[in-house]
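**Q** Sequence and predicted structure below; questions after.
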Amino acid sequence: MPGGRLTQQDRQQIALGLADGLPYAEIARRIDRPTSTITREVMRNGGPATYRADLAHRATERRTQRRKPAAPRGNHAPPQAHGRDAEAVREYEEAFTTLLMQSGLPKMMARVLTCLYTTDAGSLTASELVQHLQVSPASISKAVAFLESQGLIRRERDEGRRERYAVDNDVWYQSMVAGARSHARLAETARQGVSVLGPDTPAAARLEGIARFVDFVGESITRAAEQAREVLYTGAEADSDGTA
């Protein structure tokens, strides 16, 4: 309805219109909104080149929550460990989640990964994730399966034989190496096209250029990840043992 708040469906239509190169006035006409509303919405959320409906909707929800009056006494969040400011922690988790979403992770996967990174234990059970994120067990199950397939988390069992989902320094290293392997597969596939299209053709030259570039980047990532793990993590372990 004109003048009302933009819905998530409205924002999806805005994103589609921008992708099609439509002017703001045409997008506004299609969703029955003032052109000024579309202009403000797009410019407030990254501009026409980087506008994303899900991130824009999430940012608006955060701004709305910040404008709400403070809850009465007795409804405060439980105290945080180490004297942390609960509101500051929540805002940081929101910012971290948004960053992960901008890098390509789906929303729920980004929320789970943020939760694991910001907990002191570095691992949580499925029920703990459900409680912290206030979502269904099915949502957590789907998210952790995806994150595990990408090498971003690992499963382990505690003393009570409960399954936990964990992140640590080595998991991040493994994720980097998995990314480098993906680069290698891309380079291999590009080179297959060289023989199919003919080695002396412009298309083959383009594919060979892609393969060489991706090879170089993948090898550099692997080498840097190995050096970082050796220098940063091995050094930290030695310091904790008092041997460095």
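**A** The structure has been received and is ready for your questions.

**Q** Report how many residues lie close to Leu105.
**A** Using other Cβ atoms under 10 Å, Leu105 is surrounded by 21 other residues. Where you see a C-beta, it was placed from the backbone N, CA and C, and this is true even at glycine.

**Q** what are the phi and psi angles of it?
**A** Main-chain dihedrals, Leu105, degrees, to the nearest 10: phi -80, psi 140.

**Q** Check which helices and strands the helix of greatest length in the chain sits against.
**A** In terms of residue count, the longest helix belonging to the chain (DSSP state H) is helix 169-197. For helix 169-197, the packing partners by 3 or more Cβ pairs under 8 Å, 6 or more residues apart in numbering; DSSP states H and E come out as helix 202-228.

**Q** Worst mean pLDDT across the helices and strands of this structure, which element?
**A** Least confident helix or strand, the chain: helix 234-241 with a mean of 54, by mean pLDDT, DSSP states H and E.

**Q** thinking again about what came up before, list the buried residues in the longest helix of the chain.
**A** 171-177, 179-180, 183-184, 186-187, 190-191, 193-194 (16 or more other Cβ atoms under 10 Å).

**Q** Distance of the nearest residue to Leu232 once chain neighbours are set aside relative to Gly198?
**A** Distance criterion Cβ to Cβ, 6 or more residues apart in numbering; nearest residue to Leu232, sequence neighbours excluded, is Asn169 at 7.6 Å. According to Cβ to Cβ, to the nearest Å, Asn169 stands 47 Å off from Gly198.

**Q** Likewise for Met108?
**A** In terms of Cβ to Cβ, Met108 sits 46 Å off from Gly198.

**Q** In terms of neighbours, single out the busier of these two.
**A** The neighbour comparison of Met108 against Gly198 (other Cβ under 10 Å) goes to Met108, with 18 against 11.

**Q** Outline the domain layout of the protein.
**A** Using automatic domain parsing, the domain ranges for the chain come out as 8-62, 86-166, 169-241.

**Q** What segments of the protein are strands?
**A** Taking DSSP state E as the test, the strands found in the chain are 123-125, 154-157, 163-166.

**Q** mean pLDDT lowest for which of those?
**A** Mean pLDDT is lowest for strand 154-157 out of the strands of the chain, coming in at a mean of 87.

**Q** quick check, distance from that strand to the centre of its chain.
**A** From the chain centre to the centre of strand 154-157 is a distance of 21 Å (Cα atoms, centre = their mean, to the nearest Å).

**Q** Quick one: list the elements packing against that strand.
**A** strand 163-166.

**Q** Tell me which strands the strand it packs on pairs with, and in which orientation.
**A** strand 123-125 (antiparallel), strand 154-157 (antiparallel) (DSSP bridges).

**Q** show me what contacts Ala166?
**A** Leu116, Gly122, Ser123, Ile153, Arg154, Arg155, Glu156 (Cβ atoms under 8 Å, 6 or more residues apart in numbering).

**Q** Neighbour-wise, give me the winner out of these.
**A** Neighbour tally across the contacts of Ala166 (other Cβ under 10 Å): the maximum, 27 neighbours, falls on Ile153.

**Q** how close does it get to Tyr173?
**A** According to Cβ to Cβ, Ile153 stands 13 Å off from Tyr173.

**Q** repeat for Asp120
**A** Taken as Cβ to Cβ, the span from Asp120 to Tyr173 is 21 Å.

**Q** before we move on, back to that, where among the domains of the chain is average confidence lowest?
**A** Across those, domain 169-241 has the smallest mean pLDDT, namely a mean of 84.

**Q** how much space between the residue of the chain most remote from its centre and Thr189?
**A** Of all residues in the chain, Asp200 has its C-alpha farthest from the mean position, at 40.9 Å, by Cα atoms, centre = their mean. For Asp200, the distance to Thr189 (Cβ to Cβ) stands at 20 Å.

**Q** ditto for Asp120
**A** From Asp120 over to Thr189 the distance is 42 Å, taken as Cβ to Cβ.
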